[in-house]
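Participant: Whatever this is, show me its structure:
(chains A, B, C and D)
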Amino acid sequence: MDNPWLLLALGVLVPFVSYTAWGWIEIMNVPPAALP
Amino acid sequence: MSIHVPAADWFKAPTGGERTWIGLALAWCVVLSVAMPYWHLRGKQNSTGEAYAVEPMKFSERVEAFVASNKVGEENGVPVVQPAPGGDAYLLAQMWRWYPILKLKQGQSYRVHLSSLDLQHGFSLQPMNMNFQVLPGYDHVLTLTPTSSGSFTIICNEFCGIGHHLMTGRVIVEP
Amino acid sequence: MSDEKKVADIIRDEHNAEEHHTPGTMTLVLALLASFAVYYFANWKALADTWHVR
Amino acid sequence: MSTTLPLSGAAEATGFATGNHRPGELRSCDTTGLPVCLNAQWFIRINAVMAVVFLLVGGIASILLALTRAPTIHLLSAEWYYRVLTLHGLNMLIFWILFLEVAILYFTATSLLNSRLASKGVAWASFGQMLVGALMVNAMILTGNSDVLMTSYVPLKGHPLFYLGIILVATGTLTGVGNFFATLYVAKRDRTYNGSVPLVVFGATAAAIIAVVTLLHGAIVMIPTFLWSMGILETIDAAWYRLIWWGLGHQSQQVNVCAMVSVWYLLATITTGAKPINQAVCRAAFVLYVLFINIASAHHLLVDPGVGAGWKIWNTSYAMYLAVLASMIHGFTVPASVEVAMRKKGHTNGLFGWLFAAPWSNPGFSAFFMSLVIFGFLGGITGVTLGTQQINIIAHNTLRIPGHFHTTVVGGTTLAFMGLTYYVVPLLFQKEFYARALCRIQPYVFAGGVTLMAVAMTFAGSYGVPRRHWDVEFAGAQVSAGFDASAHLWLGLMGVGGTIAFVGLLMFILLVVSAVFFGKSNAGRAMTAW
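Facilitator: Alright, predicted model coming up:
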């Protein structure tokens, strides 16, 4: 818990993967509209 | 003190009131965590973000086709359009109007397609105060079932330029 | 007692920290939890009255 | 009467280690005995002064907005309302807060670790970028080139210099945060302290870490948008922009939360000699902040197309609630530390004897404790509720959202920073305040105004009144719309609250500016106690 560099790495990685990367993938996989 | 180097053995488990509170807070967080999936499966109001990529112009043409085929009237210049129960309804957001006016039936569910011709807009149905984001390039589909009847207004609550506060629309629901 | 001496006592106290009773804080946080629950479920109820949407 | 701040000399603060200051760059604080690196002090001073300047710009904008949204007054035209709203958002949430947070980072890494500031050059680079960027943004807004609001949602297009200014502020802040981490490294290498870092430094480190991932998102979204604004890029996807921008937008709020909680611990110690019962709990809570609080940014996209329910629910629950758990832990440990300290001083009658006996006339304490209560009761509760995936349907983009964040950022962070300033000016500027009676009541005026305004906003928003909206009567709209009388009443009360808060803000700025520039020096003696 004391090592700021480990915390820095985790602090950047966890939010980036859980929020940014996953959201980015979802947006990229939006299927084309059929407009029934 | 909080500004001094802590005693060497600072790493120890919580005790007493602190421990009780952490337990209570954790239990409350579990309740919070369970509430959303529960409502997702059992609740009647959800936002699944169902959306399809669309060219703004193509969406606009589809709206015009929808108006042409289902128009039932007009309200000071704006066509009133009635989709078939359970069918698709199209609503276009553009600088500074919601087009067309939709006439629905209470208790029937409709596939409402929301998209924008230009900027981002905020679909805000009053007075129920139901709010959804409308983005250009995305056909945001809401499976909507009116549970009350009457005449309701749509306003825009996402800033879309100087006429943003003039952007209104209407939804009429027959019992 | 000079500042330095007083602080040394506080640091020594830390080692033999007896049970800390904080009933006032416990009351405050329980009030927080109660108002949190009331506000939270009131909002769910308000949501449930709106149209059905998925 | 020298103040008997329950602090101690350099020795105790850092566990009997020696500092790494170069000769002539160190002074010992006459009040606390803490080491003050003169370089760090210089940059703390200019960052804090610039912070208050942008607080004033944002404050003038806030009174204009409050008087416009109050229906009976409706001061500004639509064009100027949206322009001043852009000015208000950026100056308050980004410029005022980031300048002060860089100052706080410099203080914690040097004085509390008995270390020198890593590099003066990097500190100048940070300050220069932030200042030029902020002035550039304000210039673009006031000349009407960027009426795009703070979020500048694509496809709304602002002037390229507007985006470049925001990029400069972001890279400048990142440079300052880098200087903070370099100071941590230098302090560790030169062994200016032994054992773990003090709790307040740990909290500041957590805030700095969140700032890094925040500014990373800022770069990812702003650089392509800057190129797009110059026509180099064809289009920017609206959904992508919102996702990444809120990676910057909301995570910058989390930096503020983390910095505020650290300031809570700092002020609790300074004003009442409070000592956290169990530092492991406090530090664990900060770790939960670092890991999980940032994914809460998803609650800005809960009713958006493109992102699915799974992503929405995961990011606003499970892991995120561990961060809510952290806030609830801080909500206990901070008042508990004050209670233990006050009980040790003999205030043991009844449940709240310790609280009534607390130094309420000390603006440092009153601002801190009101910040804790407003943030906890009004901010936290509304925030988690609004951030619930389905409940967001009846709140998104209504006035409930500003109602929420004015209790967290303004009633919480800004109020706590104001409390801190009542010690920064005497200790680091070495100047005494004039009109000390006004200083004692200022936090109450500001907190009262902000609370009334925020509650009024929340009620108005429950009626559906939209945020960022000039005319709730929709005069001239093709289809008529409007709200009932009670919504107008709440908007009126919002105007009243906003005006009171502005009076409190003006008091603060005048008191600080008069002290910093014209105050009597207290060099060589302890500060006069509050």
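Participant: Now do the helices for the stretch 151-300 of chain D: every range, in order, please.
Facilitator: Taking DSSP state H, counting those that start in this stretch as the criterion, the stretch 151-300 of chain D contains helices spanning D:160-189, D:199-229, D:238-272, D:279-292.
Participant: want to throw those into JSON lines with mean pLDDT, distance to chain C and mean neighbour count?
Facilitator: For the C-beta atoms, the positions are set from N, CA and C on the backbone; glycine is no exception. Listed next are those as JSON lines, based on pLDDT from 0 to 100; distance: least, CB to the nearest CB, whole Å; neighbours: other CB atoms under 10 Å in any protein chain shown:
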{"stretch": "helix D:160-189", "mean pLDDT": "96", "distance to chain C": "21", "mean neighbour count": "22"}
{"stretch": "helix D:199-229", "mean pLDDT": "95", "distance to chain C": "13", "mean neighbour count": "24"}
{"stretch": "helix D:238-272", "mean pLDDT": "94", "distance to chain C": "11", "mean neighbour count": "26"}
{"stretch": "helix D:279-292", "mean pLDDT": "93", "distance to chain C": "9", "mean neighbour count": "22"}
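Participant: Using a markdown table, lay out these together with distance to chain B.
Facilitator: As requested, these are exported to a markdown table (distance: least, CB to the nearest CB, whole Å):
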| stretch | distance to chain B |
| --- | --- |
| helix D:160-189 | 11 |
| helix D:199-229 | 4 |
| helix D:238-272 | 4 |
| helix D:279-292 | 4 |
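Participant: nearest to B:Thr20, of these?
Facilitator: B:Thr20 lies closest to helix D:279-292 among the helices of the stretch 151-300 of chain D, at 12.3 Å (CB to CB).
Participant: Counting by contacts, list what the closest one packs against.
Facilitator: When contacts are defined as 3 or more CB pairs under 8 Å, 6 or more residues apart in numbering or on different chains; DSSP states H and E, helix D:279-292 sits against helix A:4-15, helix D:199-229, helix D:238-272, helix D:319-344.
Participant: And the contacts of the next helix or strand after the shortest one?
Facilitator: Moving toward the C-terminus from helix A:4-15, the next helix or strand (DSSP states H and E) is helix A:22-28. Here helix A:22-28 makes contact (CB atoms under 8 Å, 6 or more residues apart in numbering or on different chains) with D:237, D:239-240, D:243-244, D:298, D:301, D:306-308, D:311, D:314-315.
Participant: Please apply the same query to stretch D:89-98.
Facilitator: Here stretch D:89-98 has contacts from D:51-52, D:54-55, D:57-58, D:61-62, D:130, D:134, D:137-138, D:141, D:149-151, D:166, D:169, D:173, D:252-253, D:256, D:409-410, D:413-414, D:417, using CB under 8 Å, 6+ apart.
Participant: change it to 6 Å
Facilitator: The contact list for stretch D:89-98 (CB atoms under 6 Å, 6 or more residues apart in numbering or on different chains) reads D:51, D:54-55, D:57-58, D:134, D:137, D:150, D:173, D:256.
Participant: Can you give the distance of that stretch from its chain's centre?
Facilitator: Stretch D:89-98 sits 8 Å away from the centroid of its parent chain (CA atoms, centre = their mean, to the nearest Å).
Participant: Where does chain A get nearest to chain C, residue-wise?
Facilitator: The minimum distance from chain A to chain C, using CB to the nearest CB, falls at A:Pro36 (16.7 Å).
Participant: List the residues that contact that residue.
Facilitator: B:Asp88.
Participant: same question, D:Ile391
Facilitator: C:43, C:47, D:385.
Participant: So which of those residues are in helices?
Facilitator: Using DSSP state H, the subset of those located in helices is C:43, C:47, D:385.
Participant: got these as CSV, with pLDDT and neighbour count columns?
Facilitator: Shown next, in CSV, are the ones in helices among the contacts of D:Ile391 (pLDDT from 0 to 100; neighbours: other CB atoms under 10 Å in any protein chain shown):
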residue, pLDDT, neighbour count
C:Asn43, 96, 21
C:Leu47, 96, 21
D:Thr385, 94, 21
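Participant: Break down chain C into its helices, ranges please.
Facilitator: Here chain C has its helices, by DSSP H, at C:3-15, C:23-48.
Participant: These: lowest mean pLDDT?
Facilitator: Mean pLDDT values for the helices of chain C show the minimum at helix C:3-15, a mean of 53.
Participant: gap between D:Phe508 and D:Val102?
Facilitator: As judged by CB to CB, to the nearest Å, D:Phe508 and D:Val102 stand 20 Å apart.
Participant: Let me see the ranges of the strands in chain B.
Facilitator: All strands of chain B, identified by DSSP state E, fall at B:51-53, B:71-75, B:78-81, B:88-94, B:97-99, B:101-105, B:110-116, B:121-126, B:130-134, B:138-145, B:150-156, B:168-174.
Participant: Show me the one of those that comes nearest D:Ala123.
Facilitator: Nearest of the strands of chain B to D:Ala123, taken as CB to CB: strand B:130-134 at 40.9 Å.
Participant: The closest one and chain A, are they touching?
Facilitator: No - under the criterion of CB under 6 Å from any CB of the partner chain, chain A is not reached by strand B:130-134; the shortest gap measures 13.0 Å.
Participant: helices and strands around that strand, which ones?
Facilitator: Packing partners of strand B:130-134 (3 or more CB pairs under 6 Å, 6 or more residues apart in numbering or on different chains; DSSP states H and E): strand B:121-126.
Participant: Could you rerun that using 8 Å?
Facilitator: With contacts taken as 3+ CB pairs under 8 Å, 6+ apart, strand B:130-134 sits against strand B:110-116, strand B:121-126, strand B:138-145.
Participant: Now do it and strand B:150-156, the angle between them.
Facilitator: 40 degrees (axes from the mean of the first three to the mean of the last three CA atoms, to 10 degrees).
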